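J.: Build me a model from this:
(one chain, ligands or ions: 1)
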Amino acid sequence: TDQYALIGNPLSHTKSPLIHETFAGETAQSLTYVAIEAEAFAPAVDRFRAQGGKGMNVTAPFKLDAFAYATDLSERARLAGAVNAMRFEGDRVFAENFDGVGLVNDIQRNLGFELKGRRVLILGAGGAARGALLPLLEQNPAQLVMVNRTLEKAQALRQQFADVENFTIMTYADLVGERFDIVLNATSASLRGDLPPVPADVFSPQGLAYELAYGKGLTPFLRLAKGAGVHQLADGVGMLVEQAAEAFLWWRGMRPDTRGLIHKLTIPLV
Ligand code: ATR
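T.: The predicted structure follows:
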């Protein structure tokens, strides 16, 4: 039986073992998937590999450690500056980042919003926002605007996409009078019950407001969007399941169905 694991700390609320065990059952794959709450990254990964482990997912606070540990980084992982999935083959550690593609798949396939030709706003320039950039830009939005409290961080990211014309950096103050089809909250503000200083009129009622965090219910960001009349609100539970499906496909060569699981894990946003 092939062994997989999630490494992170803390992991008390993780849904990943349930997700991967469900995928394994659905695709009739024989594998185990455990959560490893580690104090230190490299020794725990070394141990798991020595026991024959085939692959790992990586979550906070180890995504940068995994980036450093990898021997072979994908383009997505390199541009994200972070790793959320690893595959072990002998001495080689292949590393990927499926967070952004999970987000894009959730937006387009599950929620039914095309990104192509749309105006998209992303709040934040930390790890979550950085991982989403390349996959979002690959869908050819009319414009992708990134805002961040600390402008320099967004400007530094912008430089990595020097030749991309539809990618713009703004300040929160610049957003007054701007309107977007899709607004993504990739800040960590919601984790503390805070609201980024985004004006309520950036939302389109026919558009989508998406909170990348999950399991927090109606966050201040989603409440603002709801108050602005946005009819489609989402949190990151779909992104979580979709990134897991991408990792599963990469490891096992089979794409599991995600719909039922997303439905099961969704907490109503009320
Ligand atoms: P993550 O990996 O979750 O993205 P991170 O890399 O620490 O975490 O990044 C957190 C992001 O949330 C940053 O963009 C941060 O803005 P700064 O770069 O200016 O610090 C943003 N953020 C956190 N709290 C915020 C708040 N109350 N208002 C606006 N932005 C906030």
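J.: What distance do you get for the spatially closest residue to Thr266 that is not a sequence neighbour to the ligand?
T.: Excluding its sequence neighbours, the residue lying closest to Thr266 (C-beta to C-beta, 6 or more residues apart in numbering) is Val237, at 5.5 Å. (Each C-beta comes from the backbone N, C-alpha and C, glycine too.) Applying C-beta to the nearest ligand atom, to the nearest Å, the value for Val237 to the ligand is 16 Å.
J.: Next, the contact list for Val237, please.
T.: Neighbouring residues of Val237 by C-beta atoms under 8 Å, 6 or more residues apart in numbering: 214-215, 262, 265-267.
J.: Asp257 and Gly102, how far apart?
T.: In this view, Asp257 and Gly102 are 15 Å apart by C-beta to C-beta, to the nearest Å.
J.: Neighbour count for those two, which is higher?
T.: Counted by other C-beta atoms under 10 Å, Asp257 and Gly102 do not tie: Gly102 has more neighbours, with 26 against 12.
J.: Check what pLDDT that one gets.
T.: Note for Gly102: predicted pLDDT of 98.
J.: Need the nearest residue in space to it, chain neighbours excluded.
T.: Using C-beta to C-beta, 6+ apart, the nearest residue to Gly102 is Gln243, at 3.1 Å.
J.: tell me which element that neighbour is part of?
T.: helix 237-252 (DSSP states H and E).
J.: so Asn105 sits in a helix?
T.: Yes - per DSSP: H, G, I helix; E, B strand; the rest coil, Asn105 lies within a helix segment.
J.: was I right about it contacting Glu242?
T.: Yes - between Asn105 and Glu242 there is a contact under C-beta atoms under 8 Å: 4.4 Å.
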